[in-house]
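Participant: sequence first, predicted coordinates after that:
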Amino acid sequence: MPMLISSAVFYIFAILSVISAILTVSVSNPVKSAVSMIFCLFCLAIIYFTLGAHFAGIIQILVYAGAIMVLFLFVIMLLEKRNNESFDDIISAPKIISLVLAVILLTALSAALAASTGHSGVFPAAAESFGTLKAVGSSIFKKYIFVFEALSALILVAIAGVTLLSAKNSEGDNK
């Protein structure tokens with residue numbers, strides 16, 4: 001991907017990620033907040049792809065945007081708290097003005113920082129091995145093998161515990 005297109009995609013999804021993150025914390029409806037967070041996580045995955053960390057992007061989509069957010073939405077919908085808030089209540093003139101001023105301030109600060117440090121590029125080049133399958137695999141199975149095996153055993157014990165607890169609860173329901 002040419003550098004100009006890569007930079008444009010990076011900035012577009014960085015801005016979308018910030019906007020959806022702001023919506024995540026500002027919306028009082030938990031379902032809308034969770035959907036906004038899912039969009040933010042997808043934007044972060046695309047940012048990882050533009051930086052060349054393809055494995056990190058795929059893990060971002062599968063683990064965070066997929067599994068964890070489905071769990072969040074399941075719990076939110078299970079609790080069934082109703083909040084009828086319109087989108088117009090979120091967006092108001094003072095909030096928009098504050099957001100525009102914050103973006104202008106952050107742009108000016110980042111431009112001043114880039115000028116003072118002498119970086120000519122949009123973002124520093126990521127390490128060649130960051131986020132690749134080879135780097136992650138060698139790190140997990142060479143450097144952190146004990147931690148990996150301990151976490152695997154911990155997850156296995158947790159699954160067995162949940163199975164045991166759910167079996168006891170279902171026996172109590174049948175009596």
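Facilitator: Now that the structure is in, tell me what you want to look at.

Participant: so the residue most central in space within the chain, which state does it fall into?
Facilitator: Of all residues in the chain, the one closest to the mean position by CA atoms, centre = their mean is Leu41, 3.3 Å from it. When classified by DSSP: H, G, I helix; E, B strand; the rest coil, Leu41 comes out as helix.

Participant: tell me the contacts of the residue lying closest to it once chain neighbours are set aside?
Facilitator: Distances taken as CB to CB, 6 or more residues apart in numbering place Ala65 nearest to Leu41, at 4.0 Å, with adjacent residues excluded. Backbone N, C-alpha and C define where each C-beta goes, glycine included. Contact analysis of Ala65 by CB atoms under 8 Å, 6 or more residues apart in numbering lists 38, 41-42, 45.

Participant: got a markdown table for those, with distance to Ala112 too?
Facilitator: Shown next, in a markdown table, are the contacts of Ala65 (distance: CB to CB, whole Å):
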| residue | distance to Ala112 |
| --- | --- |
| Ile38 | 34 |
| Leu41 | 30 |
| Phe42 | 31 |
| Ala45 | 30 |
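
Participant: look up how far Ile47 lies from Val27.
Facilitator: Applying CB to CB, to the nearest Å, the value for Val27 to Ile47 is 22 Å.

Participant: sorry, back to before: measure the residue nearest to Leu41 to Leu78 for me?
Facilitator: According to CB to CB, Ala65 stands 20 Å off from Leu78.

Participant: how close does the residue nearest to Leu41 get to Leu133?
Facilitator: 20 Å.

Participant: SS state for the residue nearest to Leu41?
Facilitator: Ala65 is classified as helix under three-state DSSP.

Participant: the bottom helix or strand of the chain by mean pLDDT?
Facilitator: helix 87-90 (a mean of 57; mean pLDDT, DSSP states H and E).

Participant: which other helices and strands does the helix or strand just after that one contact?
Facilitator: Following helix 87-90 in sequence order, the next helix or strand is helix 93-117 (DSSP states H and E). Contacts defined by 3 or more CB pairs under 8 Å, 6 or more residues apart in numbering; DSSP states H and E place helix 93-117 against no helix or strand at all.

Participant: poorly predicted segments of this structure, please.
Facilitator: Applying pLDDT under 70 to the chain picks out residues 1, 80-91, 111, 113-131, 169-175.
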